[in-house]
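Peer 1: need a 3D model of the sequence below.
(one chain, ligands or ions: 1)
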Amino acid sequence: MAKLQDLRENYELGELLESNVHSDPIEQIKIWINDAIQHKEKEPNAMVLSTINKNGSPSSRVVLVKEMDPDGLVFYTNYESDKASQIAKHPFVSLNFNWLFLQRQVRIEGSVEKIGEDRSTKYFQSRPKSSQIGAWVSAQSKIIPDREVLELAKEELDLKYKDQDILPKPPHWGGFKIKPTLIEFWQGRRSRLHDRLRFTLKDGKWIIQRVSP
Ligand SMILES: Cc1cc2nc3c(=O)[nH]c(=O)nc-3n(C[C@H](O)[C@H](O)[C@H](O)COP(=O)(O)O)c2cc1C
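Peer 2: As a prediction, the model looks like this:
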């Protein structure tokens with residue numbers, strides 16, 4: 001293995017200035033996701049979601065942002081998963097996007113709430129049939145004896161729904177919206193003098209401040 005202490009990146013690809021950042025940070029996230037798409041990033045909408053577990057410790061995993069509203073970011077999951085139970089007890093999360101080949105990171109903190117059933121159903125039924133079946137098969141986060149349990153359940157559902165492409169949405173599946181109160185953009189710069197622009201929501205308005213790297 002390479003010596004980790006000798007790995008070193010020069011950050012010179014871009015800059016993020018008060019004069020070129022969008023005044024609405026949600027719009028700025030969209031701009032950066034679009035940049036990532038244009039640079040052919042795999043999973044440009046992947047973000048690390050951190051929740052607080054029952055011991056008060058953070059717990060992180062990757063999810064995909066699927067919709068961006070003016071007031072928040074929507075991802076979809078199983079409402080009986082560990083993350084959903086943690087959100088039910090403590091509805092505040094942090095998110096982290098990183099597109100490291102563009103030397104960029106976005107950190108987000110905010111509250112989180114379920115979206116409406118109709119919206120979840122609409123999105124669920126727009127997914128490929130195999131994903132719809134997968135959502136029915138998986139009791140996400142539960143311990144299972146082996147992989148075969150999944151394969152057998154999938155076979156059963158493939159048979160049950162062989163004549164239809166659109167399945168009903170499982171009642172335990174749907175979206176959450178994260179409503180940010182803090183959004184911070186990081187662009188790597190020369191000599192480790194990176195740009196950090198932090199937006200905080202005060203009385204419904206975004207305040208922008210520069211933070212030392
Ligand atoms: C690239 C990638 C995308 C993922 N997208 C989602 C997603 O959108 N929703 C989801 O529930 N899990 C997604 N997962 C799986 C989660 O990381 C996690 O394993 C799962 O949600 C269970 O988490 P939990 O047990 O903490 O609830 C994704 C994983 C990866 C690596």
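Peer 1: correct me if wrong: Tyr76 contacts Gly174.
Peer 2: Yes. Using C-beta atoms under 8 Å, Tyr76 is in contact with Gly174, at 6.7 Å. For glycine as for every other residue, the C-beta is placed from the backbone atoms N, C-alpha and C.
Peer 1: identify the contacts common to these two.
Peer 2: Ser120, Phe124 (C-beta atoms under 8 Å, 6 or more residues apart in numbering).
Peer 1: between the two, point out the one with more neighbours.
Peer 2: A side-by-side neighbour count of Tyr76 and Gly174, using other C-beta atoms under 10 Å, places Gly174 first with 23 against 20.
Peer 1: the more buried one - nearest residue in space that isn't next to it in sequence?
Peer 2: Ser120 (3.5 Å; C-beta to C-beta, 6 or more residues apart in numbering).
Peer 1: in the host helix or strand of the one you found, what counts as buried?
Peer 2: Using DSSP states H and E, Ser120 maps to helix 117-126. Residues of helix 117-126 classed as buried by neighbour count (16 or more other C-beta atoms under 10 Å): Ser120, Tyr123, Phe124.
Peer 1: using CSV, lay out those residues together with pLDDT.
Peer 2: Listed next are these as CSV, based on pLDDT from 0 to 100:
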residue, pLDDT
Ser120, 98
Tyr123, 98
Phe124, 98
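Peer 1: can you lay out those residues as CSV showing distance to the ligand?
Peer 2: Converted to CSV, these look like this (distance: C-beta to the nearest ligand atom, whole Å):
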residue, distance to the ligand
Ser120, 12
Tyr123, 11
Phe124, 12
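Peer 1: ok so, going back, elements contacting the very next helix or strand once past the helix holding Ser120?
Peer 2: Remark: after helix 117-126, the chain's next helix or strand is helix 129-137, criterion DSSP H and E. Applying 3 or more C-beta pairs under 8 Å, 6 or more residues apart in numbering; DSSP states H and E, we find helix 129-137 packed against helix 117-126, helix 148-160.
Peer 1: so can I have CSV of these showing distance to Val137?
Peer 2: As requested, the helices and strands packed on helix 129-137 are exported to CSV (distance: least, C-beta to C-beta, whole Å):
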stretch, distance to Val137
helix 117-126, 14
helix 148-160, 5
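Peer 1: so how far is stretch 47-58 from its chain's centroid?
Peer 2: How far stretch 47-58 lies from its chain's middle: 14 Å, per C-alpha atoms, centre = their mean, to the nearest Å.
Peer 1: just the buried residues of that stretch, please?
Peer 2: Those would be Met47, Leu49, Ser50, Thr51, Ile52, for stretch 47-58 by 16+ other C-beta under 10 Å.
Peer 1: hmm, back to that, so which of the helices and strands packed on helix 129-137 gets nearest Lys89?
Peer 2: With C-beta to C-beta as the criterion, Lys89 lies closest to helix 117-126 of these, at 21.0 Å.
Peer 1: give me the angle between the closest one and helix 129-137.
Peer 2: Angle between the axes of helix 117-126 and helix 129-137 is 130 degrees (criterion: axes from the mean of the first three to the mean of the last three C-alpha atoms, to 10 degrees).
Peer 1: give me the most central residue, this protein.
Peer 2: For the chain, the residue whose C-alpha lies nearest the mean C-alpha position (C-alpha atoms, centre = their mean) is Met47; its distance is 3.7 Å.
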